[in-house]
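Student: For reference, the sequence and a predicted model appear below.
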Amino acid sequence: MTSISVRPGQSWLESIWYDGTGRGAWLLPLSLLYGVVTRLRRLCYRVRVLPSVAVGRPVIVVGNLTVGGAGKTPLVVYLVTQLQRQGFTVGVISRGYGGSSRAVRPVTARTDPREVGDEPVLIAKRTHSRVFVGRNRVAAARAAVAAGADIIVSDDGLQHYALARDLEIVVVDGERGFGNMRLLPAGPLREPLRRLRRADFVVMNGAGWLERVGLPAGRAALTMALLPSDAAPVSGRGAVRSLASFRGQPVHAVAGIGHPQRFFELLRKAELQLIEHPLPDHHPLQAADLAFGDDAPVLMTEKDAVKCADLNDKRLWFLPVSAHFNALESNELLAAITARIHQTRG
């Protein structure tokens, strides 16, 4: 088993999944039970004991096999933007993790993320698409169709088989991969690795893990890179700043995402002097979380920034990142998506 460094801020369960020591054998009986339930549920949808509902429009699902962040949301933003450039009206659906709302509802750049979750607000802000959240993804997709969407992109939902889909994209964290490759709770996997064979594309967010371990036999992956732009003020007022302009002083780095160390490593590559503040994914940031007792600048992720838009604090900056592929892989991915869209319409 390849060891992956465990950083401050990880839970004890994450340390079992990713430290490479093989700990957690006492959880294997629970993983076995989880695997049985997962297979039975999947079988029920396959033999149509449970129905998968089509919503009358092509559906693209962007998901992952593991618990925690892998880079799905930047990929969703990338796909929506590319499809919009081709003239499609795109609807995005999400469960709205971290939000209090249970019912299906639309999301705009100004919607309170405490109600609908941080990722849907980020997507609405970046793409201006028709975004809907709802724990019932079929109902959310229908709402997007009713709002005029002619394509649906689901942010997460790979395991939500009640919604029929036309194309699946599985995103893998290129640094952490699948950890110890065990099912929950002994490992981070929501489904067995053989589930990859049924996906249309596997997208590796970075390639470190792939270089060390590789994908299961018979699967290749596209490689996605998350590239930063200039830092922007969280308040929305003022000019952007290059990362280089933060050098030579302490900088508080705040990340409430699935893998905070990815964000910190991005800042370290820019040669910044960091004071790291890892937080749980979807952490409901408040002013008290950012009171560090000094005037040093605070750099956070874009996902965290949408929860701080009402804080009038000049110390706060966020770093937007965007998904990028090489030209060949970008063309391959987008050509397959548009072909599937036209096939479904036909």
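Tutor: Ah, there it is.
Student: quick one, strands of the stretch 51-200 of the chain?
Tutor: For the stretch 51-200 of the chain, the strands defined by DSSP state E, counting those that start in this stretch occupy 59-63, 90-94, 105-107, 130-133, 151-155, 167-173.
Student: Now tabulate the ones you listed in a markdown table and tack on distance to Trp26.
Tutor: (Each C-beta comes from the backbone N, C-alpha and C, glycine too.) A markdown table is the format used below for those (distance: least, Cβ to Cβ, whole Å):
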| stretch | distance to Trp26 |
| --- | --- |
| strand 59-63 | 29 |
| strand 90-94 | 35 |
| strand 105-107 | 41 |
| strand 130-133 | 37 |
| strand 151-155 | 34 |
| strand 167-173 | 25 |
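Student: mind checking which of those is nearest Gly24?
Tutor: Between Gly24 and these, the shortest gap by Cβ to Cβ is with strand 167-173, which sits at 19.0 Å.
Student: Quickly run through the sheet partners of that closest one, with directions.
Tutor: Strand pairing for strand 167-173, using DSSP bridges, gives strand 59-63 (parallel), strand 201-205 (parallel).
Student: Compute the distance between Phe292 and Pro250, please.
Tutor: If you measure Phe292 against Pro250 using Cβ to Cβ, to the nearest Å, the figure is 10 Å.
Student: no wait, Ala25
Tutor: 42 Å.
Student: I'd say Met300 and Phe318 touch.
Tutor: Yes. Using Cβ atoms under 8 Å, Met300 makes contact with Phe318 at a distance of 5.1 Å.
Student: out of those two, which sits in the busier spot?
Tutor: Between Met300 and Phe318, counted using other Cβ atoms under 10 Å, the more crowded position is Met300 (26 against 21).
Student: and the helix or strand harbouring that one, which strands flank it?
Tutor: Taking DSSP states H and E as the definition, Met300 sits inside strand 298-301. Strand 298-301 sits in its sheet next to strand 250-255 (parallel), strand 316-319 (parallel), going by DSSP bridges.
Student: Tell me if I'm right that Val104 and Ala143 touch.
Tutor: Yes. Taking contacts as Cβ under 8 Å, Val104 lies within contact range of Ala143: 5.1 Å.
Student: shared neighbours, the two?
Tutor: Phe132, Gly134 (Cβ atoms under 8 Å, 6 or more residues apart in numbering).
Student: So which helix or strand of this structure has the lowest pLDDT on average?
Tutor: helix 208-212 (a mean of 68; mean pLDDT, DSSP states H and E).
Student: Can you point out the buried residues in the helix or strand following that helix?
Tutor: Next along the chain after helix 208-212, taking DSSP H and E as the criterion, comes strand 222-228. By neighbour count on 16 or more other Cβ atoms under 10 Å, the buried set for strand 222-228 is Leu222, Met224, Ala225, Leu226, Pro228.
Student: Beta-bridge partners for the last one, please?
Tutor: Beta-bridge pairing of Pro228, defined through DSSP bridges, involves Val321.
Student: who touches it in this structure?
Tutor: Neighbours of Pro228 in contact, by Cβ under 8 Å, 6+ apart: Leu243, Leu266, Leu319, Pro320, Val321.
Student: now swap in the first one and tell me
Tutor: With contact set as Cβ under 8 Å, 6+ apart, Leu222 has these partners: Phe201, Val202, Val203, Met204, Phe325, Glu329, Glu332, Leu333.
Student: one more time with 6 Å, if that's ok
Tutor: Val203, Glu329 (Cβ atoms under 6 Å, 6 or more residues apart in numbering).
Student: do you know how far it is from Gln159?
Tutor: 21 Å.
Student: If anything else comes up later, I'll come back, but that's it for now.
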